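Q: Pasting the sequence and the predicted model now:
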Amino acid sequence: MMIQIQIFFGGLAALVAGADLLVRGLSRLVLSFGISQLVVVGLTIVALDTSGPRLPVSFGTAMEGRTDIATGNVIGSNTLDSWVMLSFMLPLAVVTLVLEMLQPAPPAVTCSP
């Protein structure tokens, strides 16, 4: 029993350290592309919120030895989440592009000889 508790807390510490390294690395990468860190934080919260409920199901099926269901759950849910997010974001991107195209040109461009 004692070894299981040590393994649990060791794994928890490794998880926290790995998450910290991931966030620091992504922050540097995002800043190099000029993207706001708030966008990354928002996307991380959405990702945790959508994947969180699937974690117990995948963990339970993996503990039962049914790794095929756990793997299918992870792959299927991430694929579905990606397609759903794209289906919501694409119309917004098109509307933004159309609104930018409908703005009048600056006077310096329209009054050139």
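A: That came through, no problem.
Q: pLDDT averaged over the helix or strand hosting F88, what's the number?
A: Following DSSP states H and E, one finds F88 within helix 67-102. The average pLDDT within helix 67-102 is 79.
Q: Show me which residues of that helix are buried.
A: For helix 67-102, a neighbour-count test (16 or more other Cβ atoms under 10 Å) marks 70, 73-74, 77 as buried. The C-beta positions use only the backbone N, C-alpha and C, and glycine is treated the same way.
Q: looking just at contacts, which helices and strands does that helix meet?
A: Secondary-structure packing of helix 67-102 (3 or more Cβ pairs under 8 Å, 6 or more residues apart in numbering; DSSP states H and E): helix 37-51, helix 54-63.
Q: so which of those helices comes closest to L92?
A: helix 37-51 (14.2 Å; Cβ to Cβ).
Q: Show me what the closest one is packed up against.
A: Going by 3+ Cβ pairs under 8 Å, 6+ apart, helix 37-51 lies up against helix 2-33, helix 67-102.
Q: Go again with 7 Å.
A: helix 2-33 (3 or more Cβ pairs under 7 Å, 6 or more residues apart in numbering; DSSP states H and E).
Q: How far away from the center of its chain is the helix it packs on?
A: Centroid separation for helix 2-33 versus its chain: 16 Å, with Cα atoms, centre = their mean, to the nearest Å.
Q: re the thing from before, could you export the buried residues of helix 67-102 to JSON lines, including columns for distance to D20?
A: Formatted as JSON lines, those follow (distance: Cβ to Cβ, whole Å):
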{"residue": "A70", "distance to D20": "26"}
{"residue": "N73", "distance to D20": "27"}
{"residue": "V74", "distance to D20": "23"}
{"residue": "S77", "distance to D20": "25"}
